[in-house]
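Trainee: pasting the structure only:
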Ligand SMILES: Nc1ncnc2c1ncn2[C@@H]1O[C@H](COP(=O)(O)OP(=O)(O)OP(=O)(O)O)[C@@H](O)[C@H]1O
Ligand SMILES: [Mg+2]
């Protein structure tokens, strides 16, 4: 294990059991996140990105379970197997917020409307550090200022509804960064915000990565963001990572037909109106009635009988892995 | 905040006009007119027919309906609510005499049902799906299904008649001085009266708490590594509380309505028992006035609830809607 | 890590899916939800039993509920008189059965009438807006400002006691809630595309309101009807218990309970009031179970 790896996920399976049915939302996912690097996870809606993130934090809803696989957090003091911890046990709680922090998609609902921003930031510090009340306040002010909120002395005592959407997300990041976590998980942190604010938030996150060597796991739909921010990319489809590698690997030399289709389906700036934009044919299968083998096979042009069996993860290069029987650059 | 309260009070005024008009309309439909209601009956015998007519004239009672309504209203606003037919006592005196007993009973029931209801409902929500939760839900359903007076009868039979632990009814026995003395008297009626409300509050607290626990910010609190008690109580419960306070306000009519029958069952000498006597005795002015008072009390209660919720919710407190 | 009980449940579901056993399905989703709600089914059964027993009272008892029999006064329950007899020797069981007819009629009838009045005004007001909406809204507010029992008692004192009057009074006190509900639904549906499309086809207001929007508001209205029925049955019982509801000559559940105002009856003749009180509670409970089941099956947000 390289020493700069912060978190390793191996063959993670997380299933949901709502309505007396089993939904294999995440079905064998492996990846790792490294210090000072950003891993972007992309994939269409419902493919299991958020569930993967929630599994790492053990923030899954009641009717769900981590079936198998490992989630290993590489702490200074040794490895911690997160999947073996009780959901709300002391060990799990001492990781959350302090070592691994998470920010959510919608800053409108992720902050408690009944408490001031200062209170909600201070809470984290209160539980994970030995700071006194006045130290907590100083640190909260400093965090807000670092996140680019003007007049923090005044803003700290305001309620979330007095903040704009972008400011709320900054406050969320301030909250997440309060204890200098080693890993920051951001689940579509800018979907609810407008484009200029998005850019600012991403710049902020990029600075954090460089400054604090935080490992970032960024979930997004936006390929532009991937190209801009990511060091590594993992493409998910129906509960599997179908392709992963460095940005260059995945964006320039996509191997999996799904990745190719995904890249073909987005317009590229500067190519003019003539460019071919192809929507991916077919529709996402029913989560309760998943294909047997390769999940993408029913929509794939290259599908053959072989695809009725789940392909193995295959290395194209040392950094580039694909899960397909028919990758672009020849058979595995 | 102050402007909010003032605005809220201003809204009440047309409402009160409407209600008083409705009540006066009712009075007009009943036998007798305002003069016979205004003059104590024992005096009325000494007053000659011409004189009555003169009073009618001077009060404008021979004038149009709206005119009569107006003069009735202006008396009422000045605290002159007329006299009861049967006793000839002034209505305001009757109500003021009876009010403390009713307030005492309702307050006791309100406190019991609020505390008990919120506690049980929250407990139920935090233990969702367990046997305790199902049990509490079933008991709650039973609570809103049993007629309150029937529950009162059963309670009297068991605790007063069979076991002899508590008095059958009444409020102040001769020689009772302090409230401690009549504490045993209030226990049964207050518990019985609070039953339906407790069940309602419990049910509502449960769903409100479940609602709050499903909110995204609860997940945020967990993601920050907060301990469960803090997640549940500081984040979940605190937010769940606001709608519960509102619903308690909405439920006050059940309490006021319930107290009418419960006062009768336990011979509690309150406004409700008096109201039933008045209905039985066809003492129309008294019936109408008590009805008017009850509406007034309800409107005041809803005002207080609104102010309270505004105070709990920073969004309203800080002057945004 | 999950609790043991959940673990077991999950394993069961997973195993079942792996062997491809599908749970059996009832056609309509709402009906399926209702039937899968055990309490709602229990409620439906109790409701049907009590209602049918009241309707077919003559088949179930040989006694005439009004027949005075001075030789059989104050008898405790026996094989002959299941619920005993009252002070004038009338059979209490027969009175409970026949009383159910009136009580259920008053409860259900008033609730349905309230719904008809409230919903038709509410839909129209919500659709039309303007002065009609404002006036009806204000009127409903006035009526709803009264605590229900007080409004009812006040009206009873004005118009006098009779079965017919009581139903009318209940409707007067109960239409407001239905009106509010229907109006609110209409206001939100009015903005939806399909209603706007209907408008552009030039359909008449009445047709849009009652033919097209009404079916879409039926779910919440049904829930409200059940809850209102429960409320009116309790109200009838309370009023009649006080002697201010249905005239005492007609047996109703409340009127039977009226005797319990006498503390000697309360203490010594339990059979005259305890069984009927229990039946009222059971009946109202069953209605509440049904209402709850309907609420869950009508609400798509409450799956699981
Ligand atoms: N709380 C939940 N209860 C039940 N099923 C859930 C829950 N959350 C997610 N799922 C299921 O898990 C699967 C993966 O969902 P997930 O939220 O991870 O998708 P996602 O990739 O994050 O999509 P999006 O881009 O829309 O956020 C879906 O089939 C979804 O139905
Ligand atoms: Mg997601």
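Mentor: Yep, that arrived. A quick note: this is a predicted structure, and the numbers were derived from the prediction, not measured. Numbers count the residues shown, from 1 in each chain, chains lettered A, B, ... in the order given. Ligands and ions are numbered 1, 2, ... in the order given.
Trainee: Contacts only, for residue 291.
Mentor: With no chain named, the answer covers chain A. Counting by C-beta atoms under 8 Å, 6 or more residues apart in numbering or on different chains, residue A:291 makes contact with A:238, A:285, A:297, A:298. No exception for glycine: its C-beta is placed from N, CA and C like everyone else's.
Trainee: other chain: chain C
Mentor: Residue C:291 makes contact with C:223, C:226, C:227, C:230, according to C-beta under 8 Å, 6+ apart.
Trainee: unless I'm mixing things up, the first one is touching residue C:297, no?
Mentor: No: counting by C-beta atoms under 8 Å, residue C:223 does not reach residue C:297; the two are 9.5 Å apart.
Trainee: just to revisit the earlier point, please indicate which of the contacts of residue A:291 are buried?
Mentor: Listed as buried from the contacts of residue A:291 are A:238, A:297; burial here means 16 or more other C-beta atoms under 10 Å in any protein chain shown.
Trainee: Just give me the closest of the contacts of residue A:291 to residue C:149.
Mentor: Residue C:149 lies nearest to residue A:285 out of the contacts of residue A:291, by C-beta to C-beta, at 57.9 Å.
Trainee: Skipping its backbone neighbours, what lies nearest that closest one in space?
Mentor: Leaving aside its sequence neighbours, residue A:285 sits nearest to residue A:291 (C-beta to C-beta, 6 or more residues apart in numbering or on different chains; 6.0 Å).
Trainee: sec struct for that neighbour, please.
Mentor: The three-state label given to residue A:291 by DSSP: H, G, I helix; E, B strand; the rest coil is coil.
Trainee: mind checking how far it is from residue B:20?
Mentor: According to C-beta to C-beta, to the nearest Å, residue A:291 stands 72 Å off from residue B:20.
Trainee: Specify the next element, helix or strand, located C-terminal of the longest helix along chain A.
Mentor: Secondary structure assigned by DSSP state H gives helix A:195-212 as the longest helix of chain A. Remark: after helix A:195-212, the chain's next helix or strand is strand A:215-219, criterion DSSP states H and E.
Trainee: other SSEs contacting the helix or strand that that next one is followed by?
Mentor: Going down the chain from strand A:215-219, the next helix or strand is helix A:223-229, by DSSP H and E. Contacts defined by 3 or more C-beta pairs under 8 Å, 6 or more residues apart in numbering or on different chains; DSSP states H and E place helix A:223-229 against strand A:38-42, helix A:195-212.
Trainee: As JSON lines, these with mean neighbour count, distance to chain C and mean pLDDT would be great.
Mentor: Putting the helices and strands packed on helix A:223-229 into JSON lines (neighbours: other C-beta atoms under 10 Å in any protein chain shown; distance: least, C-beta to the nearest C-beta, whole Å; pLDDT from 0 to 100) gives the following:
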{"stretch": "strand A:38-42", "mean neighbour count": "25", "distance to chain C": "24", "mean pLDDT": "93"}
{"stretch": "helix A:195-212", "mean neighbour count": "16", "distance to chain C": "29", "mean pLDDT": "84"}
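Trainee: Rebuild these as a markdown table, extending it with distance to residue A:252.
Mentor: A markdown table is the format used below for those (distance: least, C-beta to C-beta, whole Å):
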| stretch | distance to residue A:252 |
| --- | --- |
| strand A:38-42 | 15 |
| helix A:195-212 | 21 |
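Trainee: need those in TSV with distance to ligand 1, can you?
Mentor: TSV is the format used below for the helices and strands packed on helix A:223-229 (distance: least, C-beta to the nearest ligand atom, whole Å):
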stretch	distance to ligand 1
strand A:38-42	8
helix A:195-212	16
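Trainee: closest to residue A:107 out of those?
Mentor: helix A:195-212 (9.8 Å).
Trainee: Give me the nearest residue to the most centrally placed residue in chain C, chain neighbours excluded.
Mentor: Compute the mean C-alpha point of chain C, and by C-alpha atoms, centre = their mean the closest residue is residue C:229, 2.1 Å away. Distance criterion C-beta to C-beta, 6+ apart; nearest residue to residue C:229, sequence neighbours excluded, is residue C:111 at 4.2 Å.
Trainee: What are the boundaries of the helices in the stretch 101-250 of chain C?
Mentor: Taking DSSP state H, counting those that start in this stretch, the helices of the stretch 101-250 of chain C run over residues C:130-144, C:148-159, C:163-190, C:193-200, C:205-207, C:214-241.
Trainee: Turn the ones you listed into TSV, columns for distance to ligand 1 and mean pLDDT.
Mentor: Shown next, in TSV, are the helices of the stretch 101-250 of chain C (distance: least, C-beta to the nearest ligand atom, whole Å; pLDDT from 0 to 100):
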stretch	distance to ligand 1	mean pLDDT
helix C:130-144	39	88
helix C:148-159	41	87
helix C:163-190	26	88
helix C:193-200	25	76
helix C:205-207	40	75
helix C:214-241	24	87
